[in-house]
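Undergrad: sequence isn't available, so here's the structure alone:
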Ligand SMILES: [Cu+2]
């Protein structure tokens, strides 16, 4: 019996991969055109699923606000979209149609770190990122 059971016990436990859902919305209490949540801290290998809860949105990686060497991604408007993030670092996400209105979110893979924002971002996007970065270290309500 031992010889049969032992190999089974040595099988690696499957890693617990999480899927985090993000809604894309036209309005929330803190303003128009938002991702909900606007901030995620996930483990490498976790998946983020964007849901077209309200119409007109997508999710695209912001060049200059993704870990070096990672390929940018971009979803179609009004489409459900999943992306698995394996590289440690910060990923800025924008909604292509509403970027100028500040529709952005931040995903941190791994430990929280200093996030530097390029100066070329739209003003409202920078403001939203600053709110997100301020809020990420505060306890959840
Ligand atoms: Cu949008």
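TA: In hand now; what should we look at? Just so you know, these numbers come straight off a predicted model, no measurement behind them.
Undergrad: distance between the ends of stretch 117-127?
TA: End-to-end distance for stretch 117-127: 11 Å, by Cα to Cα, to the nearest Å.
Undergrad: which stretches of the chain form strands?
TA: Along the chain, counting by DSSP state E, strands occupy 19-28, 31-36, 39-42, 47-51, 60-61, 81-84, 89-94, 104-109.
Undergrad: let me have the ones you listed in CSV, adding mean neighbour count as columns.
TA: Glycine gets a C-beta too; all of them are placed from N, C-alpha and C. Formatted as CSV, the strands of the chain follow (neighbours: other Cβ atoms under 10 Å):
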stretch, mean neighbour count
strand 19-28, 16
strand 31-36, 19
strand 39-42, 18
strand 47-51, 18
strand 60-61, 18
strand 81-84, 15
strand 89-94, 23
strand 104-109, 24
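Undergrad: can you redo those strands as JSON lines with mean pLDDT and distance to residue 121?
TA: JSON lines is the format used below for the strands of the chain (pLDDT from 0 to 100; distance: least, Cβ to Cβ, whole Å):
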{"stretch": "strand 19-28", "mean pLDDT": "95", "distance to residue 121": "19"}
{"stretch": "strand 31-36", "mean pLDDT": "93", "distance to residue 121": "15"}
{"stretch": "strand 39-42", "mean pLDDT": "96", "distance to residue 121": "16"}
{"stretch": "strand 47-51", "mean pLDDT": "98", "distance to residue 121": "20"}
{"stretch": "strand 60-61", "mean pLDDT": "98", "distance to residue 121": "13"}
{"stretch": "strand 81-84", "mean pLDDT": "98", "distance to residue 121": "21"}
{"stretch": "strand 89-94", "mean pLDDT": "97", "distance to residue 121": "8"}
{"stretch": "strand 104-109", "mean pLDDT": "98", "distance to residue 121": "8"}
